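Novice: What would the 3D arrangement of this be:
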Amino acid sequence: MAAEAYPRAALARLVAAMADTPVVAINGARQVGKSTLARQLAQHGGQLVTLDDQAQRAAAAADPRGFVERDLAGPLIIDEVQYVPELFRAVKAAVDRDRRPGRFVLTGSTRLLSQAGFADSLVGRVEIVELWPLSQGELRGRVDRFVDRVFEGSVGSIVTDASRAEAIAAVLQGGFPEVASRVQSRRGAWFDSYLRTLTETVVRDLSGIERVAEMPRVIQLCAARSGMELNVTNLAGELTLPPRTLDGYLATLANLFVLQLIPAWSTNVSKKVIRRPKMVLSDSGLAARLVGFTEKSAAMPTVPLGPILESFVAMELRKQLSWSLSGTTLWHFRDRDGVEVDFVLERPDGSVVAIEVKASSTVTTRDTKGLRFLADRLGGRFKAGVVLSFMPEPTPLGPHLSALPLQALWAEL
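Specialist: Residues are numbered from 1 along each chain as shown. This next block holds a predicted model:
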């Protein structure tokens, strides 16, 4: 299926932002569908220019102000704007003269807030819409709302055709549109090409890293530790790199949306909180390819699926947060007494949902230790505790606690 055929949940937020904000930025990794969205917008009166084109890039660099000053009925859509950061000030100048909403749409494959001049030039003038690989709901033609509905208490009676095989297949495929459109035997070749292009071209062009040849090894080890807490000293030791050098590599991967860091939740429920972030690769399919997981090997009981399953859940939650209007934030929790919760969702009003992930088909009350710890200490702020696993049907585990199939993340409710 072509990328254009998948409905993007972020589109509604994008259209809303264009109705009241002069500049809208679509930010996300390479090959997640930013250019597809840009082309769709251009079909409704806008003009699309891409700075992947060397001639357009040269023209923009030579005369940034002239490049953006166009008399258009619709927005000027500049794809891969990070290649010419001088455009940020030119866009600011154009907006300051005419603050009509929806004048500019910028797309970028690196975090634009990390780009020199972006925040200084466009603060108060821009809304950033993040675009991630396709969510499981988007792959099935709908918008998934698990994050919003779990706070409402409307997921406990969910009915799905849950199966372990289907869940594993979803994890191993991930969400890149190109991968979803390929037969299974051809997906590995795409991931290999993507990684090669990313490290040999994108990283070289968009970062100051000189020893680009080391990046594939860094990404592979990050994939092997995806879903685990980040200990830079230990990771640097395995790579035989200075910790400061590794910090630079990790920052580059985060800026390119390849790597996500889930911050530790710091609250007054415990004075012994571990403050290291949890590291996840932004696509579970890419992580699975890098560590050699296949549907055959993943079905073996001795294969440790837990960390990559956590990575998958983290990114499905992260995707849904990008279109939720609730302001919910994503964290993880662990203290020095060994109490941990894989993911904590917190709303601005202080209400909390806690989520555990188990790579098994059986869940017992022993698996709810961390959930019960938070429930006891948060009182009325605690809205729900959920254990996601390979079990086939929902099971209540106590007040506000339930075990749900992994498919609950994207099931129609």
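Novice: okay, now the residue nearest to residue 86 when sequence neighbours are not counted: neighbour count?
Specialist: Excluding its sequence neighbours, the residue lying closest to residue 86 (C-beta to C-beta, 6 or more residues apart in numbering) is residue 64, at 4.4 Å. C-beta: built from backbone N, CA, C; applies to glycine. The local packing of residue 64 (other C-beta atoms under 10 Å) involves 19 other residues.
Novice: OK, contacts around residue 64?
Specialist: Contacts of residue 64 were listed using C-beta atoms under 8 Å, 6 or more residues apart in numbering, and they are 84, 86, 87, 89, 90.
Novice: Low-confidence stretches in the stretch 251-400 of the chain?
Specialist: Counting by pLDDT under 70, the stretch 251-400 of the chain shows low-confidence ranges at 268-272, 302.
Novice: all helices in it, in order from the N-terminus.
Specialist: Assigned by DSSP state H, counting those that start in this stretch, the helices in the stretch 251-400 of the chain fall at 284-291, 295-298, 306-323, 369-378.
Novice: which ones are touching the closest residue to residue 299 other than its chain neighbours?
Specialist: Excluding the flanking residues, the one nearest residue 299 by C-beta to C-beta, 6+ apart is residue 168, at 6.8 Å. Residues counted as contacts of residue 168 (C-beta under 8 Å, 6+ apart) are 295, 298, 299, 305.
Novice: Could you do residue 391 as well?
Specialist: Counted by C-beta under 8 Å, 6+ apart, residue 391 has contacts 162, 360, 361, 362, 363, 403, 404, 405.
Novice: With residue 190 instead?
Specialist: With contacts defined as C-beta under 8 Å, 6+ apart, the neighbours of residue 190 are 176, 178, 179, 182.
Novice: coming back round to it: take the contacts of residue 391 and keep only those in strands.
Specialist: 403, 404, 405 (DSSP state E).
Novice: So for residue 152, what's the pLDDT?
Specialist: Residue 152 carries a pLDDT value of 89.
Novice: next one: residue 3
Specialist: Residue-level pLDDT assigned to residue 3 equals 54.
Novice: sorry, back to before: look up how far residue 123 lies from the residue nearest to residue 86.
Specialist: The gap separating residue 64 from residue 123 is 19 Å, by C-beta to C-beta, to the nearest Å.
Novice: next one: residue 347
Specialist: For residue 347 relative to residue 123 (C-beta to C-beta), the value is 26 Å.
Novice: ditto for residue 249
Specialist: Taken as C-beta to C-beta, the span from residue 249 to residue 123 is 29 Å.
Novice: Pick out whichever of these two has more residues nearby.
Specialist: A count of neighbours by other C-beta under 10 Å puts residue 249 above the other of residue 249 and residue 123, at 25 against 10.
Novice: would you put the C-alpha positions of the host helix or strand of the more buried one in CSV?
Specialist: In this structure, residue 249 sits in helix 243-255 according to DSSP states H and E. These are the backbone C-alpha positions of helix 243-255, laid out as CSV (Å, rounded to 0.1, in the frame of the first residue of the first chain):
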residue,chain,number,x,y,z
PRO,A,243,31.6,8.8,27.4
ARG,A,244,31.6,12.4,26.1
THR,A,245,32.0,11.1,22.5
LEU,A,246,29.1,8.7,23.0
ASP,A,247,27.0,11.5,24.4
GLY,A,248,27.5,13.3,21.1
TYR,A,249,26.5,10.2,19.1
LEU,A,250,23.4,9.7,21.2
ALA,A,251,22.4,13.4,20.9
THR,A,252,22.7,13.1,17.1
LEU,A,253,20.5,10.0,17.0
ALA,A,254,17.9,11.7,19.2
ASN,A,255,18.0,14.8,17.0
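Novice: Please compute how far that helix lies from its chain's middle.
Specialist: 18 Å (C-alpha atoms, centre = their mean, to the nearest Å).
Novice: Report all helices and strands that it contacts.
Specialist: When contacts are defined as 3 or more C-beta pairs under 8 Å, 6 or more residues apart in numbering; DSSP states H and E, helix 243-255 packs onto helix 215-224, helix 232-239, strand 259-262.
Novice: CSV please, covering the ones you listed and showing distance to residue 313 and mean neighbour count.
Specialist: Formatted as CSV, the helices and strands packed on helix 243-255 follow (distance: least, C-beta to C-beta, whole Å; neighbours: other C-beta atoms under 10 Å):
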stretch, distance to residue 313, mean neighbour count
helix 215-224, 16, 20
helix 232-239, 22, 14
strand 259-262, 11, 20
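Novice: Can you say which of these is nearest to residue 284?
Specialist: Closest to residue 284 of those is helix 215-224 (C-beta to C-beta; 9.6 Å).
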